[in-house]
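[1] Sequence first, then the predicted structure:
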Amino acid sequence: MRVLLSAFACEPGKGSEPEVGLRSALAAAERHTVWVLTDSAGVPSLQRFLDGHPLGSRIRLEPIPLGVDAQGLGLMNFHWYYDRWQRRAMRRALELDRSIGFDVVHHVTMSTVWTRVGVAAVPKPLVWGPVGGGVEPPLQLLPELGLGGLLDDAIRVASRRLLAKLPPMRNAARIAVVVLAQNRQIVTRLRTSAPVLVQPNATAVDVSGVRPEGGRTHDIVLVGRIVAWKGGQLAIRAMRHVTDRQAVLRLYGEGPDRARLERAARRWGVSDRVRFEQWIPRDALLPRVARAGVLVHPSFHDDAPLCVAEALSLGTPVVCLDHGGPAEVVRRWSSSPARLVAPTGVDATARQLATAIDGFLADPPPVRSTTIPPDTPFAEALLDAYDRAVCAADRVPAADGPEPERLG
């Protein structure tokens, strides 16, 4: 088949969405020829990677410029430029389809219910997702966000709900023939007549090149941007109740919530057990995750955090909230060590996190020399979705169809 893949983020060595875009292109190229619409900024490194890869000859890159240097852009400005990028991608996709004639079109990275899907304009079977953007914070934990974080999240929730109602954002749901969903929460938000398969994009991670040396540490690692909704303060609060005296919480990342977290650590008397390590490259971070005692991820509304999937793949115990994307990812690695904590009151949740952390530190699994695959690999789900899309090519879905079929 000839596949058109819309992957704004697609680049090796970056983790997160760029890793998902790359793994999607490689998965599609296992059986098909793939044209990839992607941000032109990442094309040089992506092309170098593909030049040395056995599947590289099946992947053709179609660079689309964002029109601005994304570094330093605020979130609102970035999404304004990203919407323009999607419109450029639409025009190029239509040109390519007239000359090539695609069998399947797939929009994969940065796929949410509240963003435009440019390639939906191509009159070919559309695979949409994994789609996210439907997880909202648990009400019981809202006080932990602080005033600034609470205001940010209120704006985030309101603006996303509003954007999701706009006609250009609803077009993909209307015409998609197969939908991949990040988690069960987003399924309830989708208004589509297409079959829906729950398959987090985090199952695309590949950590096979990580070679950790040494035994498991007593480090509790938290990976990600230091913003209120990532739950850093909840993790520090949990350190008040962690009984393992060797345990140290290490936060890898940068962000505006750091000062608030530092104050909380001082106020609760755990500053000597909390380290702000800042951001480090993925190839340096993953060996530390592989040897950590626990990866804690108390995020309030992630769709499918790749750091959780990486830890599960490496066999590092994961402790996270039983809410949204992290819990969905944990369920995709049924043989990996993990504990899900139900979000209740702030202090009760912190104590449960601490109990789960102490349990893993007291009885740590060995550091693994091999990785643990997810129960259903991402590539398998993606290729199956393409086959379904081709079989449904003559289907014309209605804008307001019946309740979608839940396949996973």
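    It's in.
[2] so where do the strands sit in this protein?
    2-6, 33-39, 59-64, 104-107, 126-131, 178-181, 196-198, 219-223, 248-252, 274-276, 294-297, 318-321, 338-341 (DSSP state E).
[3] Nearest to Pro167, out of the ones you listed?
    strand 126-131 (15.9 Å; CB to CB). In this view, the C-beta of every residue, glycine as well, is placed from N, C-alpha and C.
[4] rewinding a little: now the strands of the chain as TSV including mean pLDDT and mean neighbour count?
    Shown next, in TSV, are those (pLDDT from 0 to 100; neighbours: other CB atoms under 10 Å):
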stretch	mean pLDDT	mean neighbour count
strand 2-6	97	26
strand 33-39	97	24
strand 59-64	97	18
strand 104-107	97	28
strand 126-131	95	28
strand 178-181	95	28
strand 196-198	93	23
strand 219-223	97	26
strand 248-252	97	21
strand 274-276	96	18
strand 294-297	98	29
strand 318-321	98	27
strand 338-341	97	21
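[5] For those strands, give me a markdown table that also has distance to Asp347.
    Listed next are these as a markdown table, based on distance: least, CB to CB, whole Å:
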| stretch | distance to Asp347 |
| --- | --- |
| strand 2-6 | 45 |
| strand 33-39 | 43 |
| strand 59-64 | 49 |
| strand 104-107 | 42 |
| strand 126-131 | 34 |
| strand 178-181 | 33 |
| strand 196-198 | 32 |
| strand 219-223 | 18 |
| strand 248-252 | 17 |
| strand 274-276 | 18 |
| strand 294-297 | 16 |
| strand 318-321 | 15 |
| strand 338-341 | 13 |
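[6] Which of these sits closest to Trp268?
    The nearest among the strands of the chain, by CB to CB, is strand 274-276 at 9.4 Å.
[7] So what touches the closest one?
    With contact meaning CB atoms under 8 Å, 6 or more residues apart in numbering, strand 274-276 is reached by 226, 236, 239, 248-251, 258, 261-262, 265.
[8] can you give me the helices for this protein?
    Applying DSSP state H to the chain gives helices spanning 16-29, 43-51, 75-100, 146-163, 167-175, 184-187, 232-239, 258-267, 282-291, 306-314, 324-331, 346-362, 378-391.
[9] surely Pro137 meets His301?
    Yes. Using CB atoms under 8 Å, Pro137 makes contact with His301 at a distance of 5.2 Å.
[10] list the residues that contact both of these two?
    Common neighbours of Pro137 and His301, counting by CB under 8 Å, 6+ apart, are 153, 229.
[11] Point out the most buried one among the helices of the chain.
    helix 306-314 (a mean of 28; mean count of other CB atoms under 10 Å).
[12] Show me how far it is from its chain's centre.
    11 Å (CA atoms, centre = their mean, to the nearest Å).
[13] now that helix: mean pLDDT?
    Averaging pLDDT along helix 306-314 gives 96.
[14] One more: stretch 152-159?
    Mean pLDDT, computed over stretch 152-159, is 85.
[15] And the contacts of that stretch?
    By CB under 8 Å, 6+ apart, the residues outside stretch 152-159 that reach it are 114, 136-137, 142, 145, 227-229, 300-301.
[16] Could you list the low-pLDDT ranges of the protein?
    72-73, 75, 394-408 (pLDDT under 70).
[17] so how many other residues sit close to the residue nearest to Thr188 when sequence neighbours are not counted?
    Nearest residue to Thr188 in three dimensions, chain neighbours excluded: Gly134, at 7.1 Å (CB to CB, 6 or more residues apart in numbering). Using other CB atoms under 10 Å, Gly134 has 25 neighbouring residues.
[18] The one 5 residues further on too?
    Applying the criterion other CB under 10 Å, we find 8 residues in the vicinity of Leu139.
[19] Quickly note the distance from it to Thr344.
    11 Å (CB to CB, to the nearest Å).
[20] hang on, the earlier thing: out of the contacts of stretch 152-159, which are buried?
    Buried members of these, counted by 16 or more other CB atoms under 10 Å: 114, 136-137, 145, 227-229, 300-301.
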